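Novice: My questions are about this predicted structure, shown below with the sequence.
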Amino acid sequence: MRLLTTLLWFVLILWAMPGRAQTDIHRCIGANGNALFTDQTCAAMQATTVHAAAKPSDDVTHTATIASAPAEPPPVLCAGTFNELRQSVIDAFANHNANRMAGLMLWNGYGGSAAVADIRALSALMQQPLLDAGPPDNADASPTGNSDPSTTDNAAEAPVSGNQLVLHLAGNDGSGNPRELRYGIVRRSGCLWLRNAD
């Protein structure tokens, strides 16, 4: 009877142990930009490998962790001031980068097809030469330079004083007259964002 009880406990312990995966899980970014988790290699899926961040172990000292940290901090891709936002727009136009310009905009409230249509329109817009980017003629050149971020971050979407960025583009209608586009500026999560000014 004792042997049978021991054997049953042994079977129960083996049954309760979690099974181990047969193969590794590969983390990839697919050609369409979506995350992909697969048992196949990323190259077989025509995707780019994403390496998981290394977890610091208990036996690694604090100085070793500091020594292995990158020399430069990661880039901040959102603008904290009007001038940073303006420069990011200028850089996006200089590189004809519609994705970068779209990254400067708030997209909440858009449906999927509306966002795709607007990004396509941005792509065509980015092919036109940018003549000037700045505040409206009646606004201060640096509307957010002295604002207190602690007061504006409390609101979900706080409009910024002098709340527009005006873009002057070379006209594409053959008249030679420049085209003017206005984007609203909104402070959200400590950053300034563009929003279509309807």
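Specialist: Sure, I can see it.
Novice: quick one: low-confidence parts of the protein?
Specialist: Scanning the chain with the threshold set as pLDDT under 70 gives 17-23, 33, 52-77, 138-162, 197-198.
Novice: Do you have the strands of it handy? List them.
Specialist: 26-29, 35-38, 48-49, 130-134, 158-169, 179-188, 191-196 (DSSP state E).
Novice: most tightly surrounded among those strands?
Specialist: Most buried of the strands of the chain, by mean neighbour count (mean count of other CB atoms under 10 Å): strand 191-196, with a mean of 20. The C-beta positions use only the backbone N, C-alpha and C, and glycine is treated the same way.
Novice: So what touches it?
Specialist: Applying CB atoms under 8 Å, 6 or more residues apart in numbering, the external contacts of strand 191-196 come out as 78-82, 84-85, 89, 104-106, 118, 144, 160, 165, 183-187.
Novice: how about a cut-off of 6 Å?
Specialist: Strand 191-196 is contacted by residues 78-79, 85, 104-106, 183-186 when judged by CB atoms under 6 Å, 6 or more residues apart in numbering.
Novice: Between which two of these is the distance greatest?
Specialist: Spatially, the most separated pair among the contacts of strand 191-196 is 78 and 184, at 16.0 Å (CB to CB).
Novice: roughly how far apart are residue 172 and residue 101?
Specialist: For residue 172, the distance to residue 101 (CB to CB, to the nearest Å) stands at 17 Å.
Novice: The two: which is more packed in?
Specialist: Using other CB atoms under 10 Å, the more surrounded residue of residue 172 and residue 101 is residue 101, with 22 against 12.
Novice: Would you mind measuring from the residue nearest to that one when sequence neighbours are not counted to residue 174?
Specialist: In this structure, residue 101 finds its nearest non-sequential neighbour in residue 92, 4.1 Å apart by CB to CB, 6 or more residues apart in numbering. According to CB to CB, residue 92 stands 25 Å off from residue 174.
Novice: So in terms of bridging, what pairs with the residue nearest to residue 48 when sequence neighbours are not counted?
Specialist: Nearest residue to residue 48, sequence neighbours excluded (CB to CB, 6+ apart): residue 29, at 4.8 Å. Under DSSP bridges, the beta-bridge partners of residue 29 are residue 35, residue 48.
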